[in-house]
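In: fold the following.
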Amino acid sequence: MSLLEIRGLAKRFADHTVLEHVSFDVAAGEIVALIGASGSGKSTLLSILTGALAPDAGEIRFDGAPLAQQGRPFAYMPQRDALLPWRRVVENASIGLEVQGVPSREAHRRVRALIEPFGLAGAERRYPRQLSGGMRQRVSFLRTVVQDRPILLLDEPFGALDAITRDELQRWLLDMWRDTGWTIVCITHDIREAVRLADRVLVLPATPGPFVGEVEVSRDIPRDDGLLTDPRVPPLEAQLHAMLRATDYASRSNDASRSNPIA
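Out: Numbering: from 1, shown residues only. Below is the predicted model:
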């Protein structure tokens with residue numbers, strides 16, 4: 001049974017529609033990646049799930065019941081680490097718990113219990129300016145995970161990093177996922193990252209509408225260096241590229257028709 005079910009989700013801002021007829025499921029322990037052109041509504045979708053935005057239509061169910069009946073089961077990691085410069089590592093990672101009303105001492109205890117597996121041992125008292133980009137992302141990820149929510153929402157978690165650091169953190173995330181069985185919904189613009197991380201990759205259209213396609217990625221495919229040489233990977237990436245090109249072409253054709261109705 002699906003842990004998360006989304007049916008017919010829609011969101012409009014004034015006369016501009018961002019999402020329309022969006023439906024998908026996420027199983028427990030699954031990593032689902034969402035890709036699509038800029039402006040296709042990926043971040044808006046996560047904002048709806050977190051409760052930051054209200055949908056104009058549709059239903060969200062968690063564990064078989066309407067989401068409104070059981071609060072928010074999501075922990076959200078934004079694109080940027082958004083660490084507070086005046087707070088040290090432990091204090092930054094504790095913010096989410098403190099906002100929920102957890103006393104600072106208890107929040108700090110929970111964070112310290114995860115410092116070592118998150119690769120932050122020895123950095124507990126550093127300020128953000130004293131951390132590398134990869135370490136800052138680990139702190140941001142720790143801040144998300146320590147909230148102990150059933151589903152993690154990751155909005156381009158590694159998009160701002162250099163290629164070497166991004167590769168390192170992708171490997172780290174997969175190792176952590178194997179140990180924990182996290183359920184993850186992840187946004188990315190990187191097709192190879194989507195194939196590397198996800199069990200399924202869903203493609204949002206450039207103009208509002210249902211997902212234009214879905215690609216399943218077998219867990220038999222190695223996710224380390226073997227990914228680059230596995231013969232099953234290029235066809236998956238080519239399929240995703242084709243879906244994105246097709247939806248972009250359809251969007252540009254629609255725009256041209258609207259601007260030149262005689263054509």
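In: quick one: the strands in the stretch 151-263 of the chain?
Out: Remark: strands assigned in the stretch 151-263 of the chain by DSSP state E, counting those that start in this stretch are 151-155, 183-187, 200-203, 213-216.
In: can you pull the buried residues of the last one?
Out: Read it as strand 213-216. Taking 16 or more other C-beta atoms under 10 Å as the neighbour-count basis, strand 213-216 is seen to contain the buried residues 213, 215. (C-beta placed from N, C-alpha, C; glycine too.)
In: and that strand, which strands flank it?
Out: strand 200-203 (antiparallel) (DSSP bridges).
In: got the contact list for the strand it pairs with?
Out: Residues outside strand 200-203 that contact it (C-beta atoms under 8 Å, 6 or more residues apart in numbering): 24, 30, 32-36, 191, 194-195, 211-217, 236, 240, 243-244, 247.
In: can you tell me which of these are buried?
Out: Buried members of the contacts of strand 200-203, counted by 16+ other C-beta under 10 Å: 24, 30, 32-36, 191, 194-195, 211-213, 215, 217, 236, 240, 243-244, 247.
In: now, the residues you listed that are in helices?
Out: The helices, defined by DSSP state H, take in 191, 194-195, 236, 240, 243-244, 247 from those.
In: output the below-cut-off pLDDT ranges for this structure.
Out: Within the chain, the stretches falling below the threshold (pLDDT under 70) are 248-263.
In: what ranges do the helices span in it?
Out: 42-50, 89-93, 95-99, 104-112, 133-145, 163-180, 191-197, 233-259.
In: looking at those helices, which is closest to residue 225?
Out: Ranking these by distance to residue 225, with C-beta to C-beta as the measure, places helix 163-180 first at 9.5 Å.
In: just checking, residue 10 touches residue 22?
Out: Yes: contact between residue 10 and residue 22 holds when scored by C-beta atoms under 8 Å: they sit 7.3 Å apart.
In: ok now stretch 188-206, how far from the chain's centre?
Out: 10 Å (C-alpha atoms, centre = their mean, to the nearest Å).
In: before we move on, the earlier item: could you dump the helices of the chain into TSV with distance to residue 5 added?
Out: As requested, those are arranged in TSV below (distance: least, C-beta to C-beta, whole Å):
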stretch	distance to residue 5
helix 42-50	12
helix 89-93	31
helix 95-99	25
helix 104-112	30
helix 133-145	22
helix 163-180	22
helix 191-197	22
helix 233-259	23
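In: what's the most buried one of these?
Out: By mean neighbour count, with neighbours taken as mean count of other C-beta atoms under 10 Å, helix 89-93 ranks first of these at a mean of 25.
In: give the contact list for residue 204.
Out: Taking C-beta under 8 Å, 6+ apart as the contact definition, residue 204 lies against 22, 34-37, 40-42, 45, 211-212, 247.
In: looking at the residues you listed, which is nearest residue 229?
Out: Ranking the contacts of residue 204 by separation from residue 229, with C-beta to C-beta as the measure, puts residue 35 on top at 22.9 Å.
In: which residues touch the closest one?
Out: Here residue 35 is in contact with 42, 187-189, 191, 194, 201-204, 240, 244 (C-beta under 8 Å, 6+ apart).
In: out of the residues you listed, which one sits closest to residue 99?
Out: Proximity of those to residue 99 was ranked by C-beta to C-beta; the top entry is residue 187 with 22.6 Å.
In: state the number of residues packed around that closest one.
Out: 21 (other C-beta atoms under 10 Å).
In: quick check, it in contact with residue 46.
Out: Yes: distance between residue 187 and residue 46: 6.6 Å, which falls inside the contact criterion (C-beta under 8 Å).
In: okay, and the common contacts of these two?
Out: residue 155.
In: ok so, going back, pick out the most distant pair among the contacts of residue 204.
Out: Farthest-apart pair in these is 45 and 247; separation 15.8 Å (C-beta to C-beta).
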